[in-house]
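Asker: Curious how this folds, go ahead:
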Amino acid sequence: LTGLQIAWLVCLILPLLALPLMTCPPDPDVMHMLNGKNLPNYRLRGIGKFATYMSIRMAPSILLTTALFLWALQVLWNQADWKNVFGDETNDVAINNYSSSLLVAQNVVMFASVYYLALTSASFHNHTNSILQFSPAKNAVWLVCACFALVFQIVFFAISLAVTSNYSALSILPWYFYVVLFVWAFALIIIDELMKKQYKKWFKRFQLELRLEFDTKLGMHSPI
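Answerer: Purely as a prediction, here's the structure:
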């Protein structure tokens, strides 16, 4: 991505999707949770486990957006050979139309990234409960901001293509390219829910360990 595109994502889109999560309704079980703040080993285990599950949830979308970028660039760049796409060899024919093709591919992957981020942010309303149990639809602020993020990204996309008159390039991409781009949203939600289910099982065991540790220390220091 270009510097302008990265700045657009970091300064507008990401805050627009992240800040509304602060308005989430509180977890009804929050007062029954132990955080083990005075137990470094437990705390590090919790952070490591959470990071692992988050990596598994985000990695497929990152790999897919990378694949979509390379796919779009290869198709738009005069059906260039994959050696040209990966920079192994170039010639005058290969260099032709490269800049415009690269711009369209970058904007496609930007839209895909924002689209996937908006969808996956729905599962961040609660770190253990499913979106069916803890519905993001109850957070009106998030709904509005997620819609605005998508609209802003579409406008950014349209302006970028209008500047270079590249609207026709979108028709060059095959129909199944768009099917993969949009249908992946369903797979993304399924992956999020499956990983959250696994994380919930681990979190329950983790809470039992913390409760056992707490009760043990409480019994050791009990005057009775």
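Asker: residues of the helix or strand that I47 is a member of that come out buried?
Answerer: Under the criterion of DSSP states H and E, I47 resides in helix 40-76. Residues 42, 46, 53, 57-58, 61, 64-65, 68-69, 71-76 are the ones in helix 40-76 that count as buried (16 or more other CB atoms under 10 Å). Glycine gets a C-beta too; all of them are placed from N, C-alpha and C.
Asker: Give me the packing partners of it, helices and strands only.
Answerer: helix 82-85, helix 98-120, helix 175-220 (3 or more CB pairs under 8 Å, 6 or more residues apart in numbering; DSSP states H and E).
Asker: most tightly surrounded among these?
Answerer: helix 98-120 (a mean of 20; mean count of other CB atoms under 10 Å).
Asker: Let me know the angle separating it from helix 40-76.
Answerer: 140 degrees (axes from the mean of the first three to the mean of the last three CA atoms, to 10 degrees).
Asker: quick check: angle from the helix or strand just after helix 98-120 to helix 98-120?
Answerer: Next helix or strand after helix 98-120 toward the C-terminus (DSSP H and E): helix 140-164. Between the axes of helix 140-164 and helix 98-120, defined by the same axes, to 10 degrees, the angle is 170 degrees.
Asker: And the pLDDT for the residue nearest the centre of the chain?
Answerer: Taking CA atoms, centre = their mean, the centroid of the chain lies closest to L117, which sits 3.9 Å from it. Listed pLDDT for L117 reads 87.
Asker: Repeat that for V85.
Answerer: So, for V85, pLDDT stands at 59.
Asker: was I right about W8 contacting F156?
Answerer: Yes - the pair W8 / F156 is scored as a contact, 6.2 Å apart, by CB atoms under 8 Å.
Asker: Okay, buried residues for stretch 18-29 please.
Answerer: For stretch 18-29, a neighbour-count test (16+ other CB under 10 Å) marks 20-21, 24 as buried.
Asker: Closest to W175 out of those?
Answerer: Using CB to CB, P20 comes nearest to W175 of those, at 33.9 Å.
Asker: Dump the buried residues of stretch 18-29 to TSV, plus pLDDT.
Answerer: Shown next, in TSV, are those (pLDDT from 0 to 100):
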residue	pLDDT
P20	80
L21	76
C24	74
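Asker: Give me the below-cutoff pLDDT ranges for the protein.
Answerer: 27-46, 78-97, 127, 165-167, 214-224 (pLDDT under 70).
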